[in-house]
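Trainee: next comes the sequence, and after it the predicted model I'd like to discuss.
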Amino acid sequence: MSFIEFKNICKKYENAERNSVTDFNLTIEEKEFIAFVGPSGCGKSTTLRMVAGFEEITSGDLYIDGKRVNDVAPRDRGIAMVFQNYALYPHMTVEKNIGYGLRNMKVPEAEVQKKVDWAIRILGLEEFRTRKPKNLSGGQRQRVALGRAIVKNQKLFLMDEPLSNLDAKLRVSMRNEISKLHRELGTTTIYVTHDQVEAMTMADRIVIMKDGVVQQAGAPMELYEHPVNKFVAGFIGSPQMNFYPVTIDGREMRFRDGSKVRLPEEVTKRLEGRGGELIMGIRGEDIRLDEDSLERYHQDRQKAVVENAEVMGNENNLYFTFGGCLSVARVSKYEVSRIGDEITFAFLPEKMHFFDKNTEEAI
Amino acid sequence: MLTKKQKGINWILTAVLLVLSLFFLFPVVWMLANSFKPDAAITADMNTVAAFIPPAPGGGFFHNYLSILTNTNFLRYMANTLFYAAILILCGIVVNGLAGYALAKIHFPFRERWVLLILLLQIVPMETILTIHFLMIAKVGLLNTVAGYILPMIVNPFNIFLFRQVFLNLPDDVYEAAQLDYCSPLKYFFTMVLPMSKTVVATVSVFTFLNVWNDYLWPSLVFTSSNLLTAQIGLNSITSNENTTMGQTLAVITMVTIPVIIIYSLFSKQIVEGVTSTGSKEG
């Protein structure tokens, strides 16, 4: 049996017109790091709060470690949680915050002290142990919140957008710290975030949600390479995947502006003879400007004028209009183009994704 | 940075406030200065500036005070009042605080209506409520007892409202975190909610103290035994005694006034913060 099992979980708030979470099914294995991602209001935090026991489950069953926990109080579920706003006890020092739960669990004082010291040490909070939360920076506060969670030796960590209040640089370093902690402790973790980069870099598996419904669950690269629908394809990856309404006629793919690309046989095979109007999606890095690719796809070279260029340092994002749609190509820092430059590029046909025009499901 | 004009306006405002404050201060200064004088000196200094100047410290400087403290039960009345205030502050914080917390954070049917009902209680004249309290206390045989005086005073709609307004702003996730830290709801209230709401606790404590200290009607209804009387009733009985001199009267009034002034000066910041943070003021 899996460590956590969601069986047809639904959540509907009183007086709400529709479910916040609909028919959520998922199994999580022990020691897994799972990320719930999705846009605001997609139900990811609600699902996490149902696991914590802070939200009632309208219907369905939730099992933790083989035990149905629908009606079990949060404190008895064996979980520790890190909150978005840290939820530290403002009148307690760092060490008291970290040791509070242990003291309530009636753990002998010597052991509390040992565990608190351990948490303080591995989180690098030695010099702040007697400070109160108001005298700590955002990153330090988040570390205290992590410390409070890890000292209790719970079997499940829940993290509700724990890094969203931190600045970009700190977010990256905290991301690494959390991943490192997970590797060291091996505690099963459910991590909620709206930031797909966090999810991609930290999670063993990602669950993508939209309007309370799971769109796809899988390993980061599986989601990146094989999105099941246009939403997942667009949500995962930065910059976002380019989408073009196209018409497939045999091996020819026609864009709205009349541009044409000849599809190789393996792609048409993948389409299983489906033709007509579809949506073609392609990631920015699969729009190539390099000599080798242009040589390889010399018959299907396209031209466009750069409308905007984002210089990222290690790479550049070039924005241009093609096929009637704003497009972005992610190119190496050596392929310098300026706004107004005409670029020649080629799509990598084997990297194209096709979606049904109406259902937006992947083909 | 203030402009020259703004600085000028500030100076004028300060001057006006200073003059206004003198109007309020002068009876207090007069009372204080004359409370150290014998009656003959008070009469002699009347209508002169000397009425606002205390006598030079000497042998009989504290005579009026000492005679009040040694010849009457006033010290006991003051101690009684402090004792009642202390109990009422403690009980009031627990009872009104818990009620305020429930009305702010616990979801139950008609919660908002309950809040409205409690607010409406403020409209009912105190005298009406006191009559009912008196009848109830008399019925259960608690007249002339400390419990009879204290019990009806514990619940205070205004304090409940004050607590509720402050508790509404407490973050829910701290409660959730405390739940996961094996903290019971009651423990959460005492070890988290109250320490996180020090300002309103201080405000309610000060208001309760002032209410008890200045209360005359309720203790005069409940108490008949002189051992249990409060400072205000003591003040009345001492000042209405024909043997009490003018200097003694002023001394006893000073003794009743000073604690209020001290408490108010010490906690004025908390009172202002507590009341402004709730967007209300005591009616």
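Mentor: Yep, that arrived. Residues are numbered from 1 along each chain as shown, chains lettered A, B, ... in the order given.

Trainee: tell me the centre residue of chain B?
Mentor: In chain B, the centroid-proximal residue (CA atoms, centre = their mean) is residue B:210; its distance is 0.9 Å.

Trainee: what number of residues lie near residue 139?
Mentor: I'll assume chain A. By other CB atoms under 10 Å in any protein chain shown, the residues close to residue A:139 number 19. Bear in mind the C-beta positions are built from the backbone N, C-alpha and C, glycine included.

Trainee: wait, I meant chain B there
Mentor: Per other CB under 10 Å, the neighbour tally for residue B:139 reads 9.

Trainee: gap between residue A:138 and residue A:96?
Mentor: Applying CB to CB, to the nearest Å, the value for residue A:138 to residue A:96 is 20 Å.

Trainee: give the helix, strand or coil label for the residue nearest to residue B:188 when sequence neighbours are not counted.
Mentor: Counting by CB to CB, 6 or more residues apart in numbering or on different chains, residue B:178 is the residue found nearest to residue B:188 once chain neighbours are left out, at 4.9 Å. On the three-state scheme (DSSP: H, G, I helix; E, B strand; the rest coil), residue B:178 is labelled helix.

Trainee: wait, residue B:178 touches residue A:89, no?
Mentor: Yes - with contacts counted by CB atoms under 8 Å, residue B:178 reaches residue A:89, the gap being 7.5 Å.

Trainee: now the common contact residues for these two.
Mentor: A:100, B:192 (CB atoms under 8 Å, 6 or more residues apart in numbering or on different chains).

Trainee: quickly list the domain ranges of the chain.
Mentor: Looking at chain A here, since you left the chain open. Chain A breaks down by automatic domain parsing into domains covering A:4-235, A:242-356.

Trainee: let me rephrase: I mean chain B.
Mentor: Using automatic domain parsing, chain B is parsed into the domains B:4-61, B:72-278.

Trainee: which among those is found nearest to residue A:187?
Mentor: domain B:72-278 (14.2 Å; CB to CB).

Trainee: mind checking how far that closest one is from the chain centre?
Mentor: 8 Å (CA atoms, centre = their mean, to the nearest Å).

Trainee: what about that domain, average pLDDT?
Mentor: Across domain B:72-278, pLDDT averages out at 91.

Trainee: residues from chain A in reach of chain B?
Mentor: Selection of chain A residues close to chain B by CB under 8 Å from any CB of the partner chain yields A:52, A:54, A:73-75, A:79-81, A:83-85, A:87-91, A:100-101, A:104-105, A:148, A:152.

Trainee: rerun that using 7 Å as the cut-off
Mentor: For chain A, the residues in contact with chain B (CB under 7 Å from any CB of the partner chain) are A:54, A:74-75, A:79-81, A:83, A:85, A:87, A:89-91, A:100-101, A:104-105.

Trainee: which parts of the stretch 51-200 of chain A are strands?
Mentor: A:59-64, A:67-68, A:79-82, A:156-160, A:188-193 (DSSP state E, counting those that start in this stretch).

Trainee: output the ones you listed as a markdown table; include the columns distance to residue A:266, mean pLDDT and mean neighbour count.
Mentor: Formatted as a markdown table, the strands of the stretch 51-200 of chain A follow (distance: least, CB to CB, whole Å; pLDDT from 0 to 100; neighbours: other CB atoms under 10 Å in any protein chain shown):
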| stretch | distance to residue A:266 | mean pLDDT | mean neighbour count |
| --- | --- | --- | --- |
| strand A:59-64 | 41 | 93 | 17 |
| strand A:67-68 | 47 | 93 | 12 |
| strand A:79-82 | 46 | 92 | 26 |
| strand A:156-160 | 41 | 93 | 24 |
| strand A:188-193 | 35 | 94 | 25 |
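
Trainee: tell me which of those strands sits nearest to residue A:224.
Mentor: strand A:188-193 (16.0 Å).

Trainee: who are the packing partners of that closest one?
Mentor: Using 3 or more CB pairs under 7 Å, 6 or more residues apart in numbering or on different chains; DSSP states H and E, the elements in contact with strand A:188-193 are strand A:33-37, helix A:44-52, strand A:156-160.

Trainee: tell me how many other residues crowd residue 140.
Mentor: Because you didn't say which chain, this covers chain A. 20.

Trainee: that was the other one, I meant chain B.
Mentor: Neighbours around residue B:140, by other CB under 10 Å: 11.

Trainee: for chain A, see how far away it is.
Mentor: Applying CB to the nearest CB, to the nearest Å, the value for residue B:140 to chain A is 40 Å.

Trainee: repeat for residue B:81
Mentor: Residue B:81 is 31 Å from chain A, by CB to the nearest CB.

Trainee: give me every residue that touches that residue.
Mentor: Residues near residue B:81 by CB atoms under 7 Å, 6 or more residues apart in numbering or on different chains: B:212, B:213, B:230, B:231.

Trainee: just the element for it, please.
Mentor: In this structure, residue B:81 sits in helix B:74-105 according to DSSP states H and E.

Trainee: buried residues in that helix?
Mentor: By neighbour count with 16 or more other CB atoms under 10 Å in any protein chain shown, helix B:74-105 contains the buried residues B:74, B:76-78, B:80-82, B:84-85, B:87-89, B:91-93, B:96-105.

Trainee: same question, stretch B:174-184
Mentor: Quick answer for stretch B:174-184 (16+ other CB under 10 Å): B:174, B:175, B:176, B:177, B:178, B:179, B:180, B:181, B:182, B:183.

Trainee: which residues in chain A form helices?
Mentor: Secondary structure of chain A, counting by DSSP state H: helices at A:44-52, A:94-104, A:109-122, A:138-150, A:168-185, A:196-202, A:220-225, A:230-235, A:265-270, A:291-296.

Trainee: quick one: closest of those to residue B:248.
Mentor: helix A:94-104 (53.4 Å).

Trainee: what helices and strands are in contact with the closest one?
Mentor: The contact analysis (3+ CB pairs under 7 Å, 6+ apart) places helix A:94-104 against helix A:109-122, helix A:138-150.
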